[in-house]
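>>> When you get a sec, could you give me coordinates for this:
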Amino acid sequence: MAELVPGVSGGTVALVVGIYERALFAGNQLLSAAKTAVTHPKAAKEKLAAVDWWLIIPVAVGMILTIFAMAGVMHNFVEHHTAVARALFLGMVAMSILVPIQMVDRAELRSKALVAWPSLFLAAAITFWGTGFTSAEQKDPSLLIIFCAAAVAICALVLPGISGSFFLLAVGLYAPVIGAIKDRDLTIMVVFVLGAMTGIALFIRFLDYLLSKHRTITLFVMAGLMLGSLRALWPWQTADADLLAPGDDLVKMVGFMLLGAAIVAITILAEKYAPKSAATDE
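A predicted model of the protein is given here:
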């Protein structure tokens, strides 16, 4: 469900239920096994046997079934209640900015503050400017654009606080992709899956490296990207993503913003106070 809702991060949910580190490790196992299957086929069997299938298979099946079951509901909501959807998602994303900020080590932040804070505001400014060109819904996107967007959106699976669906919404591809799933458009679905697989192969280990070696700066850049991307979720805007002043429905929209913020706040609190699973030797 989190992968269908812009503003709610699948990575954050994985943290809440205590499988985040195990899932990240299992993903690296799977990538290593796939690489071995190509370079040293004889050793692939041993690598595949070491993969944590007891985690990967249930998670994959659960995600696939839920996405197909709920895609139509989400598509109709975004398509027919656009302003309300934006207001709700704006509240969700705004509150989600706290997630990467809270993951920063305070002692390390003090030593890197002169780089971290400018990085946040620069990322926010660039994203704010960029979504002015891209946040309008694309009615007939090319397959190449869908492929590239999927490759980037899939990175949200390993980044708590970052929503892949929100990225699709920010670049105007959320409704087309969700609509393709609803309508069982195999062409778009296959291209999206291929793009996602490419993104996993190219980006996941790189992002894992950034979080390991440059954690504070990476998390602040993530927060800046989320902050600047709020432009795409402003409820009052034209079809060309030109921002408008609030209308007569201001109270209603603020209410949905607060509702969205409350939903994510509950998720953050659940993560904070949930029992932490014991770390494995792996």
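
>>> Quick check: Arg215 touching Pro100?
No - when contacts are counted by Cβ atoms under 8 Å, Arg215 is not listed as touching Pro100 (9.9 Å). C-betas here are computed from N, CA, C, even on glycine.

>>> how close does the residue lying closest to Leu90 once chain neighbours are set aside sit to Ala113?
Leaving aside its chain neighbours, Leu90 sits nearest to Leu233 (3.8 Å; criterion: Cβ to Cβ, 6 or more residues apart in numbering). Plainly put, Leu233 is 28 Å away from Ala113 if you go by Cβ to Cβ, to the nearest Å.

>>> Those two: which has the busier surroundings?
Legend: neighbour count by other Cβ atoms under 10 Å for Leu233 and Ala113, higher for Leu233 (26 against 12).

>>> Report the contact partners of the more buried one.
Applying Cβ atoms under 8 Å, 6 or more residues apart in numbering to Leu233 gives the contacts 6, 86-87, 89-90, 93, 169.

>>> low-scoring stretches of the stretch 101-250 of the chain, by residue?
With pLDDT under 70 as the threshold, the stretch 101-250 of the chain has low-confidence stretches at 131, 133-136, 156-162, 204, 239-240.

>>> coming back round to it: got a markdown table for the contacts of Leu233, with neighbour count, secondary structure and distance to Ala124 too?
Compiled in a markdown table, the contacts of Leu233 are given as follows (neighbours: other Cβ atoms under 10 Å; DSSP: H, G, I helix; E, B strand; the rest coil; distance: Cβ to Cβ, whole Å):
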| residue | neighbour count | secondary structure | distance to Ala124 |
| --- | --- | --- | --- |
| Pro6 | 28 | coil | 18 |
| Arg86 | 24 | helix | 18 |
| Ala87 | 25 | helix | 20 |
| Phe89 | 27 | helix | 17 |
| Leu90 | 24 | helix | 15 |
| Val93 | 28 | helix | 12 |
| Leu169 | 27 | helix | 17 |
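
>>> Out of the residues you listed, which is nearest to Met226?
Each of the contacts of Leu233 was scored against Met226 by Cβ to Cβ, and Val93 proved nearest at 5.9 Å.

>>> pretty sure the closest one contacts Leu169?
No - the pair Val93 and Leu169 fails to qualify as a contact (Cβ under 8 Å) at a distance of 9.3 Å.

>>> As a check, name the ranges of all helices in the stretch 1-150 of the chain.
For the stretch 1-150 of the chain, the helices identified by DSSP state H, counting those that start in this stretch occupy 10-16, 20-39, 41-50, 53-80, 82-96, 98-102, 106-134, 143-153, in order along the chain.

>>> Looking at those, which is nearest to Val251?
Across the helices of the stretch 1-150 of the chain, the minimum distance to Val251, taken as Cβ to Cβ, is reached by helix 82-96, at 11.0 Å.

>>> State the mean pLDDT of the closest one.
Along helix 82-96, the predicted confidence averages to a pLDDT of 87.

>>> Could you shift the numbering so residue one becomes 2, and keep it that way?
Sounds good: first residue 2 from here, last item helix 83-97.

>>> And for it, what's in contact with it?
Residues outside helix 83-97 that contact it (Cβ under 8 Å, 6+ apart) are 6-10, 13, 78-79, 162, 164, 167, 170, 227, 230-231, 234-237, 250, 253-255, 257-266, 269.

>>> How is the chain partitioned into domains?
Taking the TED database as the domain assignment, the ranges for the chain are 2-101+262-282, 105-245.

>>> Most tightly packed of the ones you listed?
Using mean count of other Cβ atoms under 10 Å, the stretch among those with the greatest mean number of neighbours is domain 105-245 (a mean of 18).

>>> Quick one: end-to-end distance for that domain.
Using Cα to Cα, to the nearest Å, the gap from the first to the last residue of domain 105-245 comes to 35 Å.

>>> Kindly report the same for stretch 34-52.
Stretch 34-52 has an end-to-end distance of 8 Å (Cα to Cα).

>>> Please report the distance of the residue nearest the centre of the chain from Thr268.
Computing the C-alpha centroid of the chain and ranking residues by Cα atoms, centre = their mean puts Ser164 first, at 2.1 Å. As for Ser164, its distance to Thr268 is 12 Å (criterion: Cβ to Cβ).

>>> now Ala152
If you measure Ala152 against Thr268 using Cβ to Cβ, the figure is 26 Å.

>>> In this structure Leu123 contacts Gly225, no?
Yes - because the distance of 6.8 Å satisfies Cβ under 8 Å, Leu123 is recorded as touching Gly225.
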